[in-house]
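> whatever this is, show me its structure:
(2 chains)
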Protein chains: 2
Amino acid sequence: MTLTPLLRSVLLVILLGMGASAIAEDGYRLWLRYDLMQDAAKRKEYSSLIKYFVVEKTSPTLEVAEKELSLALAGLLGLKTSSTKDVQESGAIVLGTSDTSPLIKSLNLQEKLKTLGDEGFYIVSTTIKGKKCIVITANKEVGVLYGAFHFIRLLQTQHSAQNLSLQHAPQVKHRILNHWDNLDRTVERGYAGFSLWDWHKLPDYIDPRYFDYARANASVGINGSVLTNVNSNAQILTEPYLRKVAAMANVFRPYGIKVYLTARFSAPVEIGGLTTADPTDAAVREWWKKKIDEIYTHVPDFGGFVVKANSEGQPGPQNYKRTHADGANMLADALAPHNGIVMWRAFVYDNAVPEDRAKQAYNEFKPLDGKFKSNVMVQVKNGPIDFQPREPFHPLFGAMPQTPINMEFQLTQEYLGQATNLVYLAPLFKECLDSDTYAKGKGSYVYKVIDGSLENHPLTGMAGVANIGNDRNWCGHPFAQSNWFSFGRLAWDPTLSSESIADEWIRMTYSNQQDVVSTLKQVMLASREITVRYMTPLGLHHIMGWDHHYGPGPWIKDKPRADWTSAYYHKADEAGIGFDRTKRGSDALGQYAPEIQQKYGSLENCPEEYLLWFHHVSWDRKMKSGRTLWDELCHLYYQGADSVKWMEKSWNALEGKVDADRFAQVKSLLAIQYKEAVWWRNSCVLYFQTFSKKEIPAGLEMPDRTLSYYESLQFPFAPGIRPKW
Amino acid sequence: MTLTPLLRSVLLVILLGMGASAIAEDGYRLWLRYDLMQDAAKRKEYSSLIKYFVVEKTSPTLEVAEKELSLALAGLLGLKTSSTKDVQESGAIVLGTSDTSPLIKSLNLQEKLKTLGDEGFYIVSTTIKGKKCIVITANKEVGVLYGAFHFIRLLQTQHSAQNLSLQHAPQVKHRILNHWDNLDRTVERGYAGFSLWDWHKLPDYIDPRYFDYARANASVGINGSVLTNVNSNAQILTEPYLRKVAAMANVFRPYGIKVYLTARFSAPVEIGGLTTADPTDAAVREWWKKKIDEIYTHVPDFGGFVVKANSEGQPGPQNYKRTHADGANMLADALAPHNGIVMWRAFVYDNAVPEDRAKQAYNEFKPLDGKFKSNVMVQVKNGPIDFQPREPFHPLFGAMPQTPINMEFQLTQEYLGQATNLVYLAPLFKECLDSDTYAKGKGSYVYKVIDGSLENHPLTGMAGVANIGNDRNWCGHPFAQSNWFSFGRLAWDPTLSSESIADEWIRMTYSNQQDVVSTLKQVMLASREITVRYMTPLGLHHIMGWDHHYGPGPWIKDKPRADWTSAYYHKADEAGIGFDRTKRGSDALGQYAPEIQQKYGSLENCPEEYLLWFHHVSWDRKMKSGRTLWDELCHLYYQGADSVKWMEKSWNALEGKVDADRFAQVKSLLAIQYKEAVWWRNSCVLYFQTFSKKEIPAGLEMPDRTLSYYESLQFPFAPGIRPKW
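This is a model prediction of the structure:
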């Protein structure tokens, strides 16, 4: 249909108006929102450069790339694009590789492409047959797809599309979401409803949402998905379930996403009918070999296994007096012929071992360095305890030079306010990635361990424990989407800044309006530090509610496992508070490089945000602020809660500048966050006061509830608790 | 904005086109779809009659009525309506009651309204101040809301809006959904995801979906919602949960929906700290009185309780040697001052009692007739076993003349293919409602028991076990929405026909195109009988899979409870098959009126669809078709499965006539239904063949799998299983 300019402008006005009213802003679209750009000049600029596609030879991956671009351009610019096989007039977007596109081949881009690997891409403004065009190309088709999403992001964030010459390639090879999803659709530590995977209806019914999941992942470069919980169930390895897994792999394949599973170490006994799962037993090895061969008949590009073994009750090689390396290598041998990999988790600790939990993973794994097969990565959480609001980096980073180490971050906010707190996690991720391990001298940053550059490992990876469920907006809290986004962006390039990622996400998800962008960026960038303050300031950790981990629980003690209590970690007494991890204490600090030992080892030098992580400190110690430790602790708790009020105010000032639906949603969630911050503050201050025996400093509002009130609160149906199998 | 006719027509073309492309047809809107009418003449006709609203004095309920109408008219007709306080020109829709609207009061409609009660409505085309208008009025505001939804339905189904004079009032007072939703968000027998109720985030976070749930219910006249599972947890009665319940009641109130809860009989012990829950104990009675008073401080219009007691392990008055009446009356006494009611379920049976399960509810409750307080209803399932694909009506209907009996239908398809089978249940509901109990002679239909007319009971009710979960389309299967819709329509008026309800639903949900309407109506109306054939033909019942009830399980026997096995019900042996419920057998038939005993008591007269329900029949018996029973059984199983192929073909012929998204979804679900029908057919035929020792009749395709294959199938994570607390 050809429209006169008048008709077109009327239509635009109407379409712009409709965006706000006709479609419920339920957050389903994530950051892939393709509403008509409000800025007419920008729209005109882009429309003058982009008129049609050229895709000479298509394929499933090129097809989804082209489809995404058409969707984006139709939405953002109101363009009805068509696809052709040749460049005829200016304004073409030419998509393809040298293999699929003679036009691109004729440009002789080998030089530009040679450093980009299998997944990098090159976007360039050029001329073909004398016509101006934009070429999105790569060595492999998945690179073209990533290029297409990058190009869409340029438009969504209103970057110039003129004179483009952009090369990007991922710094980390395996960029993987770990879903702690159970086969009954509960999600361990899931706060966004239940599992997306409708196992019961698979393989015959394919939920359309699987496609949108794949789109979102591909848009940020995530190329792997571990479908099942690390606390694994062997049923997933049975034939009926492998058929279901294959159906999902078929959906994900065009998007460059490989499927992985968790392997329950005792599967040979539980579903194989064997009497042992000893990794040195020939029948066991044969069972795994056959099972893995079977998996590859269903999923020819199956990625491999994540394994949680001999950890929190999970079976493992130590049940048979074998090492983690024995276990991992058995699986690795069977996966190797298919190019599959093993990600063997280092998250191990044992209540029966009379050793600081923070030290145990290092103690167990460090001696195994060099003993793993080349297709094994050891998957290490960012910190030595468990995804706390703040932890120092894990001492295994830099400590196993002969072993590829992959990072495990937690996107689901198990310890950071679950689905009701706005906490932008990129600063937490960056804090770890940018930490210097000093493993090979100054500058041996954690991210260089992860991207393989420190020890020249070709096998690299970053895992994010997914925060995705079947809530309509995927992540429960609208801002939790930013943590999925950030994880993908940082796995692609760990050197990106938290700020630049927030900037992209806000523009794509909410608005390009300057005041919206700057307000939300301030709120997001401050949010994690604020949360640390009202939950665990000064290096406190693991003082949350029992089992469900919802809300504060500094009083938790006398449980079957000491290392699951709070008292174990804060060690508050009348003299002071904190876990002495120096030589005088557990010497967990001794697992780090000497430079770090020096910095953190003395009360004087230790940065205050880690003070109580490494030291037991007197209530009266004078802090940098001039306050005593007790007063400082109180002030930080109060500051944290007060800052949530500031977050609320900042958000509420955006009324009318973001859509009404999400505005109301976030507004009520921030009100809940404030309640919860006060709950944390009051609980912790009142509880620690029983040791310090000191007054809450003057000027701070007194808690209006008693400690015993807070201790009495029960949440028998809090979400995300591991079911008891 | 004023548009020229040209602009307007261009815009319409574009909007019509967008309907299909821009908005994902995920089924979220249910039957409340307000897309622009494709029929321009109809649009014009309606637009000439409807131009604006007049609401003189508003209120929460009138506000939602007006909002719904604006939404509908904006969508269906592209009208931007505005609300005024007076009639100025023709084309007004005047909303209100005599109390809120002097204009309506001036019309003197008392005569018309006096028979309409608190919830009925009157829609009339009339003239006010010389201007043509349409008045939607009622005695109470909720009637106006129902009238508004009725008016919208008229437009959606393209009925004339000229010369209206419509009076409708509900025939049943309490039209209630029973949610078998647990506090951890699992749903017992739920096949549409998990519970809508996000208890954890309540009361501070109100999911926008609660409003859409309320709209959908109000649109079909449902006026109550039991939020919790009949297998109840006493926690719901604690203060933190009552605050959550109150938040939901606040959302539902403007829509005329009262909130009800399930009462766990042992709550006084579990959360009250008492040592007994004996209903004659003074402390227990006092505890319930205080608890109920407390509930009403949170929810001033709380509806009351549903109770499952002394049934399937639930506690109840019999634990203390008291009767069901003792238990119900205790609660009724405490609820009475607040106008609350008790719905006491008659679903009781005991494995320890050596009596046909089908007889036990009657045996227990019949003697209690006359013993219940006036605010108690006894809630009776449609049939004497448990929501089977076909059962005769429950013998308690008509058997307790002094007691209000409310109907319990099951919308969730526990025994009818769960979320993968298209089964329109209205014919099942109607079969029961239209059954003649002969309680007071011929014409004593079940629906007259339910609407109270048979015995002049003012307290009446119909309960539907909800099929609603957090799946985006609410009910899992797109056609399962029709069962929610039908339940509401039949609870309002049990005399409506299955066909007229299907007609409405199809037009509102899919299309007014004649071929779509007629094809879907045929498929829907046939679907339940087809399902009976491939699952339980000839009166077979309760032969489904163990525990999860998914798929066939005629071989289930030797379980801890005989009355949970299949062998108990089909009683197949070498001589024949079927449960003899005549005088020679359990004499369950003796619980019905003599006229029914006569009809069903002899092999000759018994309708074949109930044959094996009431008789144990020789494999060789000659059936009406001329075939032997064995051959007939096989033929019906094969016919059932073949008919699913016909359903598939019928649906697939609608490609392009219904939107692509839902087309693809239903297409793949019908393919699953065919697989499952063949699975049922093969399993049952092969299993019963082990008794009949006869060949599958010539011409029928032989099963390609063995009986032991079918017996070996395991579904450890099938949805909807009751969690073990």
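> for the helix ranked longest in chain A, name the packing helices and strands.
Of all the segments assigned as helix in chain A under DSSP state H, the longest by residue count is helix A:660-692. In this structure, helix A:660-692 packs against helix A:514-535, strand A:576-577, helix A:629-652, helix A:707-712, with contacts taken as 3 or more C-beta pairs under 8 Å, 6 or more residues apart in numbering or on different chains; DSSP states H and E. For every residue, glycine as well, the C-beta is placed using N, CA and C.
> any buried residues in the next helix or strand after the second one, and which?
Later in the chain than strand A:576-577, the nearest helix or strand by DSSP states H and E is helix A:594-601. Neighbour counts over helix A:594-601 (16 or more other C-beta atoms under 10 Å in any protein chain shown) mark A:I596, A:Q597, A:K599, A:Y600, A:G601 as buried.
> which of the residues you listed sit farthest apart?
The span of the buried residues of helix A:594-601, defined through C-beta to C-beta, is set by A:I596 and A:G601 at 8.4 Å.
> anything in contact with each of the two?
Listed contacts common to A:I596 and A:G601 are A:L589; contacts here mean C-beta atoms under 8 Å, 6 or more residues apart in numbering or on different chains.
> which of the helices and strands packed on helix A:660-692 sits closest to chain B?
Proximity to chain B, assessed across the helices and strands packed on helix A:660-692 by C-beta to the nearest C-beta, is greatest for helix A:707-712 (11.0 Å).
> give me the mean pLDDT for the closest one.
Averaging pLDDT along helix A:707-712 yields 98.
> can you check stretch A:419-436 too?
If you average the pLDDT over stretch A:419-436, you get 98.
> what comes up buried for that stretch?
Residues of stretch A:419-436 classed as buried: A:419-433, A:435-436 (neighbour count, 16+ other C-beta under 10 Å).
> in helices only, show me these.
Checking the buried residues of stretch A:419-436 against DSSP H, those in helices are A:A426, A:P427, A:L428, A:F429, A:K430, A:E431, A:C432, A:L433.
> and the residue lying closest to the fifth one once chain neighbours are set aside, how many neighbours?
Spatial nearest neighbour of A:K430, excluding adjacent residues (C-beta to C-beta, 6 or more residues apart in numbering or on different chains): A:S498 at 5.3 Å. Each residue near A:S498 was counted by other C-beta atoms under 10 Å in any protein chain shown, and the total is 22.
> ok, now A:H324?
26.
> between the ones in helices among the buried residues of stretch A:419-436, which sits nearest A:L396?
A:C432 (12.2 Å).
> rewinding a little: distance to A:S643 and pLDDT added to the buried residues of helix A:594-601, as a markdown table?
Formatted as a markdown table, these follow (distance: C-beta to C-beta, whole Å; pLDDT from 0 to 100):
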| residue | distance to A:S643 | pLDDT |
| --- | --- | --- |
| A:I596 | 29 | 98 |
| A:Q597 | 33 | 98 |
| A:K599 | 27 | 96 |
| A:Y600 | 26 | 98 |
| A:G601 | 31 | 97 |
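> these two touch, right, A:R33 and A:M508?
Yes - taking contacts as C-beta atoms under 8 Å, A:R33 lies within contact range of A:M508: 6.5 Å.
> who's in contact with A:Y637?
A:Y637 makes contact with A:R533, A:Y534, A:P537, A:W680, A:R681, A:C684, A:V685, according to C-beta under 8 Å, 6+ apart.
> correct me, but the fourth one touches A:V532?
So the one you mean is A:W680. No - counting by C-beta under 8 Å, A:W680 stays clear of A:V532, with 10.8 Å between them.
> neighbour-wise, which of those two wins?
Each of A:W680 and A:V532 has its neighbours counted (other C-beta under 10 Å); A:W680 has more, 25 against 22.
> from B:L77, how far off is that one?
52 Å (C-beta to C-beta, to the nearest Å).
> next one: A:Y415
For A:Y415, the distance to B:L77 - C-beta to C-beta - is 52 Å.
> tell me which of the two has more neighbours.
Applying other C-beta under 10 Å to A:Y415 and B:L77 shows that A:Y415 carries more neighbours, namely 24 against 20.
> from the buried residues of helix A:594-601, which are also near chain B?
Residues of the buried residues of helix A:594-601 in contact with chain B (C-beta under 8 Å from any C-beta of the partner chain): none.
> and which of the residues you listed is nearest B:Q673?
Nearest member of these to B:Q673, counting by C-beta to C-beta, is A:I596, at 62.8 Å.
> contact partners of stretch A:639-653?
A:422, A:519, A:522-523, A:526-527, A:530-535, A:537, A:663, A:666-667, A:670-671, A:673-674, A:677-678, A:680-681.
> in what helix or strand does A:T126 lie?
strand A:121-128.
> same deal with A:F305?
Here A:F305 is assigned to strand A:304-307, by DSSP H and E.
> what parts of the stretch 301-450 of chain A come near chain B?
Residues of the stretch 301-450 of chain A lying close to chain B (C-beta under 8 Å from any C-beta) are A:A419, A:T420.
> and the one residue in the stretch 301-450 of chain A that gets nearest to chain B, its phi and psi?
Here the residue of the stretch 301-450 of chain A nearest chain B is A:T420; by C-beta to the nearest C-beta that distance is 6.6 Å. Backbone torsions of A:T420, given as degrees, to the nearest 10, read phi -110, psi -10.
> wait, what's in contact with the closest residue to it other than its chain neighbours?
Nearest residue to A:T420, sequence neighbours excluded (C-beta to C-beta, 6+ apart): A:I672, at 4.6 Å. For A:I672, the contacting residues are A:T420, B:K201, B:D204, B:Y205, by C-beta under 8 Å, 6+ apart.
> with secondary structure and distance to B:H615 added, can I get these in a markdown table?
Below are those laid out as a markdown table (DSSP: H, G, I helix; E, B strand; the rest coil; distance: C-beta to C-beta, whole Å):
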| residue | secondary structure | distance to B:H615 |
| --- | --- | --- |
| A:T420 | coil | 60 |
| B:K201 | coil | 54 |
| B:D204 | coil | 59 |
| B:Y205 | coil | 56 |
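> of those, grab the buried ones for PyMOL.
Selection of buried members from the contacts of A:I672 for PyMOL, criterion 16+ other C-beta under 10 Å:
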select buried, (chain A and resi 420) or (chain B and resi 201+205)
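> with the contacts of A:I672 in mind, which one is nearest to B:H616?
The closest of these, once distances to B:H616 are taken by C-beta to C-beta, is B:K201, at 54.5 Å.
> surely the closest one meets A:Q418?
No - counting by C-beta under 8 Å, A:Q418 is not a contact partner of B:K201; they are 9.7 Å apart.
> the helices in the stretch 351-500 of chain A, which residues?
A:357-365, A:426-433, A:446-450, A:481-492, A:498-509 (DSSP state H, counting those that start in this stretch).
> please export the C-alpha coordinates of the last one as PDB.
Taking Å, rounded to 0.1, in the frame of the first residue of the first chain, the C-alpha atoms of helix A:498-509 are listed here in PDB:
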ATOM      1  CA  SER A 498      28.300  -1.700  34.400                       C
ATOM      2  CA  GLU A 499      27.300   1.700  33.300                       C
ATOM      3  CA  SER A 500      27.500   1.100  29.600                       C
ATOM      4  CA  ILE A 501      25.400  -2.000  30.000                       C
ATOM      5  CA  ALA A 502      22.800  -0.200  32.100                       C
ATOM      6  CA  ASP A 503      22.700   2.500  29.500                       C
ATOM      7  CA  GLU A 504      21.900   0.000  26.700                       C
ATOM      8  CA  TRP A 505      19.400  -1.900  28.800                       C
ATOM      9  CA  ILE A 506      17.500   1.200  29.900                       C
ATOM     10  CA  ARG A 507      17.300   2.600  26.400                       C
ATOM     11  CA  MET A 508      16.100  -0.700  25.000                       C
ATOM     12  CA  THR A 509      13.700  -1.500  27.800                       C
END
